[in-house]
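Colleague: Structural data only, the sequence is not supplied:
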């Protein structure tokens, strides 16, 4: 999964998949996700990545970017709480990590290097480390 990606391209462009608005409308969350999929991935904020990763959107492109951020600041914060990006990453399914052993290793190292795991991250960190 480690690949060079043009960060000027959006998830829509990278995945070659445009989402249309459902005929019955959509929730605010899904409208936000759809909008973020159109934004160049290099311009996504920590909060944008947190939200998309929590929704399992664009993981092949976003997890490597999130890990880059987490290497520098393991407790990078979106709009929720300190470490919310790491929490989003840690709670992805085992199947996601089985396809990305290098990223899984990197995330394990990030967790191991945390001197003190904040309470909000303990359950996710324990679950991830047990994979």
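Modeller: Thanks, I have it. Here the structure is a predicted model, which is why all the values come from computation and not from measurement.

Colleague: wait, residue 59 sits on residue 49?
Modeller: No - judged on C-beta atoms under 8 Å, residue 59 makes no contact with residue 49 at a distance of 10.5 Å. For the C-beta atoms, the positions are set from N, CA and C on the backbone; glycine is no exception.

Colleague: Tell me which of those two has more neighbours.
Modeller: The residue with more neighbours, out of residue 59 and residue 49, is residue 49; 24 against 20, by other C-beta atoms under 10 Å.

Colleague: Going toward the C-terminus from the helix or strand containing that one, what's the next helix or strand?
Modeller: Assigned by DSSP states H and E, residue 49 belongs to helix 46-54. Remark: after helix 46-54, the chain's next helix or strand is helix 59-72, criterion DSSP H and E.

Colleague: picking that back up, report the rounded mean pLDDT for the helix holding residue 49.
Modeller: Per-region confidence: helix 46-54 scores 98 on mean pLDDT.

Colleague: Then stretch 35-43?
Modeller: Summarised as a single mean, pLDDT over stretch 35-43 is 97.

Colleague: Identify all contacting residues around the helix holding residue 49.
Modeller: Under the contact criterion C-beta atoms under 8 Å, 6 or more residues apart in numbering, helix 46-54 has outside partners 11, 32-33, 36-37, 39, 44, 58-59, 62-63, 65-66, 69, 76-80, 84-85, 88-89, 91-92.

Colleague: Right, I'll leave it there.
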